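Asker: Below is the structure, and that's it, no one-letter string:
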């Protein structure tokens, strides 16, 4: 296994010199040289600078199938034409308000229509926040304190779910 890893690391080093340079810079400003602990990989992470459809390209021009797909948020792929059009249209009105918005109500109505078991919903900023609320809601509803999770699985940055995480 070590021998295979060494060969892969060597190949990565040959193909991604610009990523290595960026990682060396990042080591001076981020713990482990990454903005998020799960992105720490040996010998260093590749640095992605663009995507289209199901593919991404690193700063060295190498192409990859993007199985990560923006933490699952980009299930239509990178730069989907309809998404790009909607973003361009919205830019004329602003980018982020921090207030309630008509489009959020329309989206929630659509979700409750296509997901009939969902009577009401709450949008969150991240999976971590969603898990945090799910734990609080489940504990309040059941009165129980114990949480069961998938062993080794990452379930966001919620402290109660950090038990036995495999990085």
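Answerer: Received the coordinates, thanks. Computed from a predicted model, the values in this text were never measured in an experiment. Residues are numbered from 1 along each chain as shown.

Asker: residues near the nearest residue to residue 79 once chain neighbours are set aside, how many?
Answerer: For residue 79, ignoring the flanking residues on the chain, the nearest one in space by Cβ to Cβ, 6 or more residues apart in numbering is residue 52 at 5.3 Å. The C-beta positions use only the backbone N, C-alpha and C, and glycine is treated the same way. The burial count assigned to residue 52 is 13, neighbours taken as other Cβ atoms under 10 Å.

Asker: what helices or strands is the helix or strand where residue 52 lies leaning on?
Answerer: Assigned by DSSP states H and E, residue 52 falls within strand 48-52. Strand 48-52 makes packing contacts with strand 55-58 when contacts are defined by 3 or more Cβ pairs under 8 Å, 6 or more residues apart in numbering; DSSP states H and E.

Asker: Quick one: list the elements packing against the strand it packs on.
Answerer: Applying 3+ Cβ pairs under 8 Å, 6+ apart, we find strand 55-58 packed against strand 48-52, strand 63-65.

Asker: Columns mean pLDDT and distance to residue 113 on top of those strands, output as TSV?
Answerer: Rendered in TSV, the data for these read as follows (pLDDT from 0 to 100; distance: least, Cβ to Cβ, whole Å):
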stretch	mean pLDDT	distance to residue 113
strand 48-52	98	30
strand 63-65	97	33
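
Asker: so can I have TSV of these showing distance to residue 10?
Answerer: Shown next, in TSV, are the helices and strands packed on strand 55-58 (distance: least, Cβ to Cβ, whole Å):
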stretch	distance to residue 10
strand 48-52	21
strand 63-65	18
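
Asker: so where's the chain uncertain?
Answerer: Counting by pLDDT under 70, the ranges of the chain that qualify are 1, 166-167.

Asker: Geometric centre of it: which residue is closest?
Answerer: Centroid-nearest residue in the chain, with Cα atoms, centre = their mean: residue 71, separated by 2.7 Å.
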